[in-house]
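# structure for the following, please:
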Amino acid sequence: MFVIELTYKVPLTEIDAHMKAHVAFLKKHYTAGQFLVSGRQIQREGGIILAMGESREQIETIMKEDPFCRQGLADFRVIEFRASQRADDMPKRIA
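Residues are numbered from 1 along each chain as shown. This next block holds a predicted model:
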């Protein structure tokens, strides 16, 4: 399991101009089963994605497809961890 942290490098006007393409990227990887949860950071300086993948390299390759990263608008950091516990009502808590 992976936590992906996106950090914006440009003003929000540039981020917003590419948001539609970024959302399409997210939807593609939700459909593929790789992304579980995502959202903006409070203090809109980037975003967070919780992902599943076979390896760090796979997740890094996926993130290089993100329009924000591909166009140099954001950097990303991948943190791998082993999920050992979860809340039974996790879907209800996130909604």
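# what comes up buried for the lowest-mean-pLDDT helix or strand in the chain?
For the chain, counting by mean pLDDT, DSSP states H and E, helix 90-94 ranks last in confidence among helices and strands (a mean of 79). By neighbour count on 16 or more other CB atoms under 10 Å, the buried set for helix 90-94 is empty. Any C-beta I mention is one placed from the backbone N, CA and C, and that applies to glycine too.
# then stretch 4-20?
Of the residues in stretch 4-20, 4, 6, 8, 15, 18 count as buried by neighbour count, 16+ other CB under 10 Å.
# kindly report the same for stretch 58-74.
The neighbour-count criterion (16+ other CB under 10 Å) identifies 59-60, 62-63, 66-69, 73-74 as the buried residues of stretch 58-74.
# give me the contacts around it.
Identification of contacts with stretch 58-74 by CB atoms under 8 Å, 6 or more residues apart in numbering yields 2, 4, 6-10, 14-15, 18, 21-22, 25, 29, 34, 46, 51, 53, 75-76, 78.
# of these, which belong to helices?
Members of the contacts of stretch 58-74 lying in helices (criterion: DSSP state H): 14-15, 21-22, 25, 29.
# in the protein, where is pLDDT below threshold?
Scanning the chain for pLDDT under 70 picks out the ranges 95.
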